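[1] Quick one, structure for this:
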Amino acid sequence: MTSCHLWKKTVVPGQLDAWLRRVGPFVPPERLAVVVPVNGRRQNLQAYLETEQEARALAERFGGRTSHVSASDWLPAPATAPGKPLAFGRHLLVSAHPEELVRLRAAHPRRGVLCIPAAMAFGTGEHATTAMCLRFLSEVSVRLRTGAPWTVLDLGTGSGVLALAGKLFGAASALGYDNDPHAVRTARENAALNGIKGVTFRRIDLLRQVWPSAQPDGWPFVTANLFSELLISLLPRIVSEMQAGGQLIASGILGTQAAEVEQALTTNGLEIIEKRRRGRWVAYLIRKRD
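    Below you'll find the model as predicted:
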(Lines give C-alpha, C1' and ligand atoms only; values in the text may rest on other atoms or scores of the structure.)
Protein backbone atom coordinates (compact mmCIF):
# COMPACT_ATOMS: atom_id res chain seq x y z
CA MET A 1 0.00 0.00 0.00
CA THR A 2 1.54 3.29 -1.12
CA SER A 3 -0.94 5.69 0.45
CA CYS A 4 -3.70 5.92 3.02
CA HIS A 5 -6.48 8.20 4.22
CA LEU A 6 -6.18 10.39 7.28
CA TRP A 7 -9.01 11.32 9.63
CA LYS A 8 -8.22 14.18 12.01
CA LYS A 9 -10.15 15.84 14.84
CA THR A 10 -9.01 18.61 17.19
CA VAL A 11 -9.86 18.01 20.87
CA VAL A 12 -9.05 19.75 24.14
CA PRO A 13 -6.55 17.88 26.35
CA GLY A 14 -9.05 17.12 29.10
CA GLN A 15 -11.28 15.28 26.63
CA LEU A 16 -8.59 13.10 25.04
CA ASP A 17 -9.31 9.95 27.05
CA ALA A 18 -13.02 10.28 26.34
CA TRP A 19 -12.36 10.60 22.60
CA LEU A 20 -10.03 7.59 22.64
CA ARG A 21 -12.80 5.55 24.26
CA ARG A 22 -15.32 6.73 21.64
CA VAL A 23 -13.14 6.18 18.60
CA GLY A 24 -11.38 3.05 19.90
CA PRO A 25 -14.01 0.49 18.86
CA PHE A 26 -13.78 1.69 15.25
CA VAL A 27 -10.00 2.05 14.78
CA PRO A 28 -7.19 -0.36 15.79
CA PRO A 29 -4.83 1.23 18.39
CA GLU A 30 -1.80 1.29 16.08
CA ARG A 31 -3.66 3.48 13.60
CA LEU A 32 -4.44 6.15 16.17
CA ALA A 33 -2.05 8.98 16.92
CA VAL A 34 -2.19 12.07 19.12
CA VAL A 35 -0.34 15.14 17.86
CA VAL A 36 0.36 17.70 20.58
CA PRO A 37 1.21 21.28 19.47
CA VAL A 38 3.78 23.34 21.34
CA ASN A 39 1.17 25.40 23.21
CA GLY A 40 -0.73 22.25 24.26
CA ARG A 41 -4.10 24.02 24.10
CA ARG A 42 -5.53 21.65 21.51
CA GLN A 43 -4.58 18.12 20.51
CA ASN A 44 -5.11 16.46 17.15
CA LEU A 45 -6.49 12.94 17.30
CA GLN A 46 -5.61 11.22 14.02
CA ALA A 47 -6.48 7.87 12.45
CA TYR A 48 -4.64 6.38 9.46
CA LEU A 49 -6.98 4.22 7.35
CA GLU A 50 -6.75 2.10 4.22
CA THR A 51 -9.76 3.44 2.35
CA GLU A 52 -11.49 6.74 1.81
CA GLN A 53 -14.75 5.07 2.82
CA GLU A 54 -13.35 4.27 6.29
CA ALA A 55 -12.15 7.84 6.77
CA ARG A 56 -15.50 9.31 5.68
CA ALA A 57 -17.38 6.96 7.99
CA LEU A 58 -15.38 8.28 10.96
CA ALA A 59 -16.02 11.88 9.89
CA GLU A 60 -19.75 11.23 9.59
CA ARG A 61 -19.85 9.63 13.03
CA PHE A 62 -17.49 11.92 14.96
CA GLY A 63 -16.93 15.01 12.84
CA GLY A 64 -13.42 16.09 11.93
CA ARG A 65 -11.64 16.24 8.56
CA THR A 66 -10.28 13.70 6.11
CA SER A 67 -7.40 13.85 3.64
CA HIS A 68 -5.28 11.60 1.44
CA VAL A 69 -1.64 11.09 2.45
CA SER A 70 1.33 9.33 0.84
CA ALA A 71 3.22 6.39 2.32
CA SER A 72 6.09 8.61 3.42
CA ASP A 73 3.69 10.49 5.70
CA TRP A 74 2.30 7.49 7.59
CA LEU A 75 4.67 4.51 7.41
CA PRO A 76 6.11 3.95 10.91
CA ALA A 77 9.81 3.86 11.56
CA PRO A 78 11.29 0.44 12.36
CA ALA A 79 10.62 -0.53 15.96
CA THR A 80 14.24 -1.56 16.50
CA ALA A 81 17.61 -0.31 15.35
CA PRO A 82 19.84 -2.77 13.47
CA GLY A 83 21.65 -5.00 15.93
CA LYS A 84 19.40 -3.96 18.85
CA PRO A 85 16.33 -6.21 18.99
CA LEU A 86 13.68 -5.80 21.66
CA ALA A 87 14.11 -8.30 24.51
CA PHE A 88 11.17 -9.74 26.43
CA GLY A 89 12.58 -11.53 29.43
CA ARG A 90 14.99 -14.37 28.73
CA HIS A 91 12.80 -16.06 26.17
CA LEU A 92 12.11 -13.72 23.23
CA LEU A 93 13.86 -11.26 20.93
CA VAL A 94 11.94 -9.21 18.35
CA SER A 95 13.68 -7.45 15.47
CA ALA A 96 12.20 -5.25 12.75
CA HIS A 97 14.92 -6.21 10.26
CA PRO A 98 14.50 -9.41 8.20
CA GLU A 99 18.19 -9.58 7.35
CA GLU A 100 18.96 -10.12 11.06
CA LEU A 101 16.72 -13.14 11.56
CA VAL A 102 19.24 -15.90 10.74
CA ARG A 103 22.06 -14.23 12.67
CA LEU A 104 19.98 -13.65 15.79
CA ARG A 105 18.69 -17.22 15.84
CA ALA A 106 22.23 -18.53 15.53
CA ALA A 107 23.49 -16.20 18.26
CA HIS A 108 20.59 -16.95 20.66
CA PRO A 109 19.71 -20.64 20.23
CA ARG A 110 17.84 -20.79 23.56
CA ARG A 111 15.64 -17.81 22.81
CA GLY A 112 12.72 -17.43 20.48
CA VAL A 113 13.46 -14.86 17.79
CA LEU A 114 10.83 -13.07 15.72
CA CYS A 115 11.10 -10.56 12.92
CA ILE A 116 8.13 -8.18 12.80
CA PRO A 117 8.84 -5.43 10.25
CA ALA A 118 7.27 -2.03 10.84
CA ALA A 119 3.90 -1.94 9.10
CA MET A 120 0.42 -0.52 9.46
CA ALA A 121 -0.75 -3.63 11.32
CA PHE A 122 -0.59 -3.37 15.09
CA GLY A 123 2.08 -5.11 17.14
CA THR A 124 5.82 -4.82 16.60
CA GLY A 125 6.50 -5.14 20.32
CA GLU A 126 7.42 -1.56 21.20
CA HIS A 127 3.92 -0.40 22.12
CA ALA A 128 3.29 -0.68 25.86
CA THR A 129 0.23 -2.89 25.47
CA THR A 130 1.98 -5.37 23.17
CA ALA A 131 5.10 -5.41 25.35
CA MET A 132 3.13 -6.21 28.50
CA CYS A 133 1.24 -8.99 26.71
CA LEU A 134 4.48 -10.51 25.42
CA ARG A 135 6.04 -10.48 28.88
CA PHE A 136 3.00 -12.14 30.44
CA LEU A 137 2.95 -14.72 27.65
CA SER A 138 6.64 -15.43 28.06
CA GLU A 139 6.32 -15.97 31.81
CA VAL A 140 3.17 -18.09 31.68
CA SER A 141 4.46 -20.28 28.86
CA VAL A 142 7.33 -21.47 31.06
CA ARG A 143 4.77 -23.09 33.37
CA LEU A 144 2.66 -24.39 30.50
CA ARG A 145 5.57 -26.23 28.90
CA THR A 146 5.65 -28.78 31.71
CA GLY A 147 1.95 -29.70 31.37
CA ALA A 148 -0.38 -30.94 28.68
CA PRO A 149 -0.16 -29.52 25.12
CA TRP A 150 -1.76 -26.10 24.94
CA THR A 151 -3.14 -23.83 22.25
CA VAL A 152 -3.71 -20.08 22.04
CA LEU A 153 -6.47 -17.89 20.60
CA ASP A 154 -5.36 -14.34 19.80
CA LEU A 155 -8.17 -11.78 19.47
CA GLY A 156 -7.36 -8.61 17.53
CA THR A 157 -4.17 -10.24 16.26
CA GLY A 158 -2.80 -7.23 14.32
CA SER A 159 0.66 -8.18 13.08
CA GLY A 160 0.22 -11.65 14.58
CA VAL A 161 3.08 -11.14 17.04
CA LEU A 162 1.27 -12.66 20.05
CA ALA A 163 0.08 -15.74 18.16
CA LEU A 164 3.53 -16.22 16.62
CA ALA A 165 5.24 -15.76 20.00
CA GLY A 166 2.86 -18.28 21.55
CA LYS A 167 3.89 -20.84 18.93
CA LEU A 168 7.57 -20.13 19.61
CA PHE A 169 6.92 -20.53 23.34
CA GLY A 170 5.59 -24.05 22.83
CA ALA A 171 1.91 -23.82 21.86
CA ALA A 172 0.81 -26.76 19.74
CA SER A 173 -1.13 -24.33 17.53
CA ALA A 174 -2.37 -20.75 17.48
CA LEU A 175 -5.31 -18.97 15.87
CA GLY A 176 -5.49 -15.22 15.34
CA TYR A 177 -8.68 -13.28 14.56
CA ASP A 178 -8.84 -9.70 13.28
CA ASN A 179 -11.48 -7.62 11.52
CA ASP A 180 -8.84 -5.68 9.55
CA PRO A 181 -8.00 -7.39 6.22
CA HIS A 182 -4.64 -5.62 6.08
CA ALA A 183 -3.78 -6.99 9.53
CA VAL A 184 -4.67 -10.55 8.47
CA ARG A 185 -2.51 -10.25 5.34
CA THR A 186 0.37 -8.84 7.37
CA ALA A 187 0.10 -11.56 10.03
CA ARG A 188 0.21 -14.27 7.37
CA GLU A 189 3.24 -12.61 5.77
CA ASN A 190 4.96 -12.46 9.16
CA ALA A 191 4.30 -16.17 9.76
CA ALA A 192 5.87 -16.97 6.38
CA LEU A 193 8.80 -14.61 6.98
CA ASN A 194 9.58 -16.33 10.29
CA GLY A 195 8.99 -19.83 8.93
CA ILE A 196 6.43 -20.59 11.64
CA LYS A 197 3.89 -23.34 10.97
CA GLY A 198 0.76 -24.23 12.90
CA VAL A 199 -0.55 -20.65 13.10
CA THR A 200 -3.76 -19.63 11.34
CA PHE A 201 -5.04 -16.10 10.80
CA ARG A 202 -8.65 -15.34 9.84
CA ARG A 203 -10.64 -12.20 9.20
CA ILE A 204 -13.72 -12.04 11.42
CA ASP A 205 -15.89 -9.37 12.98
CA LEU A 206 -15.74 -10.54 16.58
CA LEU A 207 -18.88 -8.68 17.60
CA ARG A 208 -21.13 -9.53 14.67
CA GLN A 209 -19.99 -12.90 13.32
CA VAL A 210 -20.19 -16.36 14.84
CA TRP A 211 -16.79 -17.62 15.89
CA PRO A 212 -15.94 -20.97 14.29
CA SER A 213 -15.63 -23.76 16.88
CA ALA A 214 -11.93 -24.24 16.31
CA GLN A 215 -11.34 -25.65 19.79
CA PRO A 216 -14.35 -27.82 20.79
CA ASP A 217 -13.02 -28.45 24.32
CA GLY A 218 -12.38 -24.76 24.95
CA TRP A 219 -9.23 -22.67 24.73
CA PRO A 220 -6.69 -23.06 27.53
CA PHE A 221 -5.13 -19.72 26.66
CA VAL A 222 -6.50 -16.50 25.11
CA THR A 223 -4.79 -13.19 24.38
CA ALA A 224 -6.82 -10.03 23.77
CA ASN A 225 -5.04 -6.75 23.07
CA LEU A 226 -8.22 -4.72 22.54
CA PHE A 227 -9.73 -1.42 23.55
CA SER A 228 -11.73 -1.70 26.76
CA GLU A 229 -15.19 -1.24 25.21
CA LEU A 230 -14.61 -4.06 22.75
CA LEU A 231 -13.08 -6.30 25.42
CA ILE A 232 -16.04 -5.78 27.77
CA SER A 233 -18.51 -6.52 24.97
CA LEU A 234 -16.66 -9.71 24.08
CA LEU A 235 -16.10 -11.05 27.61
CA PRO A 236 -19.18 -13.31 27.74
CA ARG A 237 -18.14 -14.93 24.46
CA ILE A 238 -14.48 -15.17 25.52
CA VAL A 239 -15.45 -16.90 28.76
CA SER A 240 -17.69 -19.35 26.90
CA GLU A 241 -14.78 -20.26 24.62
CA MET A 242 -12.27 -20.83 27.48
CA GLN A 243 -11.59 -24.00 29.40
CA ALA A 244 -12.29 -24.00 33.12
CA GLY A 245 -9.08 -22.79 34.70
CA GLY A 246 -7.97 -21.31 31.37
CA GLN A 247 -6.01 -18.08 31.28
CA LEU A 248 -6.54 -14.77 29.51
CA ILE A 249 -4.04 -11.98 28.88
CA ALA A 250 -5.82 -8.68 28.26
CA SER A 251 -4.44 -5.24 27.46
CA GLY A 252 -5.20 -2.21 25.29
CA ILE A 253 -6.86 -0.68 28.36
CA LEU A 254 -6.29 2.88 29.52
CA GLY A 255 -5.67 3.33 33.23
CA THR A 256 -8.78 5.50 33.45
CA GLN A 257 -10.84 2.53 32.21
CA ALA A 258 -9.35 -0.07 34.57
CA ALA A 259 -12.11 -0.01 37.21
CA GLU A 260 -14.82 -0.60 34.60
CA VAL A 261 -12.87 -3.46 33.05
CA GLU A 262 -12.15 -5.07 36.42
CA GLN A 263 -15.83 -4.99 37.32
CA ALA A 264 -16.69 -6.67 34.01
CA LEU A 265 -14.05 -9.35 34.57
CA THR A 266 -15.51 -10.20 37.97
CA THR A 267 -19.08 -10.17 36.66
CA ASN A 268 -18.12 -12.69 33.97
CA GLY A 269 -16.59 -15.18 36.40
CA LEU A 270 -12.96 -14.25 35.87
CA GLU A 271 -10.26 -13.83 38.50
CA ILE A 272 -7.45 -11.28 38.13
CA ILE A 273 -4.13 -12.99 38.86
CA GLU A 274 -1.90 -9.99 38.18
CA LYS A 275 -2.26 -6.41 37.00
CA ARG A 276 0.55 -4.35 35.46
CA ARG A 277 0.75 -0.74 34.37
CA ARG A 278 3.04 0.98 31.88
CA GLY A 279 2.45 4.65 31.20
CA ARG A 280 -1.23 5.23 30.37
CA TRP A 281 -1.92 1.52 29.78
CA VAL A 282 -2.71 -1.49 31.95
CA ALA A 283 -2.58 -5.23 31.28
CA TYR A 284 -4.00 -8.20 33.15
CA LEU A 285 -3.27 -11.87 33.59
CA ILE A 286 -6.66 -13.46 34.26
CA ARG A 287 -7.98 -16.92 35.12
CA LYS A 288 -11.39 -18.44 34.45
CA ARG A 289 -12.73 -19.89 37.66
CA ASP A 290 -13.35 -23.65 37.71
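
[2] burial count for residue 52?
    Residues near residue 52, counting by other CB atoms under 10 Å, number 13. Using the backbone N, CA and C atoms, a C-beta is placed for each residue, glycine as well.

[3] and it, what is it in contact with?
    Going by CB atoms under 8 Å, 6 or more residues apart in numbering, residue 52 touches 5, 66, 68.

[4] Quick one, which of the residues you listed has the minimum pLDDT?
    In terms of pLDDT, residue 68 ranks lowest among those, with 80.

[5] what distance separates the helix or strand harbouring it from the middle of the whole chain?
    Using DSSP states H and E, residue 68 falls within strand 65-70. Centroid separation for strand 65-70 versus its chain: 25 Å, with CA atoms, centre = their mean, to the nearest Å.

[6] tell me which strands and helices that strand is in contact with?
    Contact here means 3 or more CB pairs under 8 Å, 6 or more residues apart in numbering; DSSP states H and E; on that basis strand 65-70 packs against strand 3-11, helix 52-62.

[7] mind listing what the shortest one pairs with, with the direction of each?
    The one in question is strand 3-11. Note on strand 3-11: by DSSP bridges, its sheet partners are strand 43-49 (antiparallel), strand 65-70 (antiparallel).

[8] wait, which of the ones you listed is closest to residue 242?
    Closest to residue 242 of the strands paired with strand 3-11 is strand 43-49 (CB to CB; 31.6 Å).

[9] Just name the most buried of the strands paired with strand 3-11.
    strand 43-49 (a mean of 20; mean count of other CB atoms under 10 Å).

[10] need the contact list for the closest residue to residue 278 other than its chain neighbours.
    For residue 278, ignoring the flanking residues on the chain, the nearest one in space by CB to CB, 6 or more residues apart in numbering is residue 128 at 4.2 Å. Neighbouring residues of residue 128 by CB under 8 Å, 6+ apart: 278, 279, 280, 281.

[11] Okay, the nearest residue to the last one once chain neighbours are set aside and residue 240: tell me how far apart.
    Think residue 281. Closest residue in space to residue 281, ignoring its immediate chain neighbours: residue 128 at 4.6 Å, by CB to CB, 6+ apart. Distance, residue 128 to residue 240, using CB to CB, to the nearest Å: 29 Å.

[12] right, and the helices and strands packed on strand 65-70 - which one's nearest residue 244?
    helix 52-62 (39.5 Å).

[13] So what's the gap between that closest one and the chain middle?
    23 Å.

[14] quick one: that helix to strand 65-70, angle?
    Here the directions of helix 52-62 and strand 65-70 differ by 160 degrees (axes from the mean of the first three to the mean of the last three CA atoms, to 10 degrees).

[15] May I see the buried residues of helix 52-62?
    Residues 54, 55, 58 are the ones in helix 52-62 that count as buried (16 or more other CB atoms under 10 Å).

[16] could you check the distance from the last one over to residue 20?
    Meaning residue 58. 13 Å.

[17] Identify each buried residue in stretch 16-27, please.
    The neighbour-count check on stretch 16-27 (16+ other CB under 10 Å) flags 16, 19, 20, 21, 23, 24, 26, 27 as buried.

[18] Give me the subset of those that lies in strands.
    With DSSP state E as the criterion, strands contain none of these.

[19] May I see those arranged in JSON lines, with pLDDT and distance to residue 222 as well?
    Below are the buried residues of stretch 16-27 laid out as JSON lines (pLDDT from 0 to 100; distance: CB to CB, whole Å):
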{"residue": "16", "pLDDT": "75", "distance to residue 222": "30"}
{"residue": "19", "pLDDT": "83", "distance to residue 222": "28"}
{"residue": "20", "pLDDT": "79", "distance to residue 222": "24"}
{"residue": "21", "pLDDT": "79", "distance to residue 222": "23"}
{"residue": "23", "pLDDT": "85", "distance to residue 222": "25"}
{"residue": "24", "pLDDT": "77", "distance to residue 222": "20"}
{"residue": "26", "pLDDT": "82", "distance to residue 222": "23"}
{"residue": "27", "pLDDT": "80", "distance to residue 222": "23"}
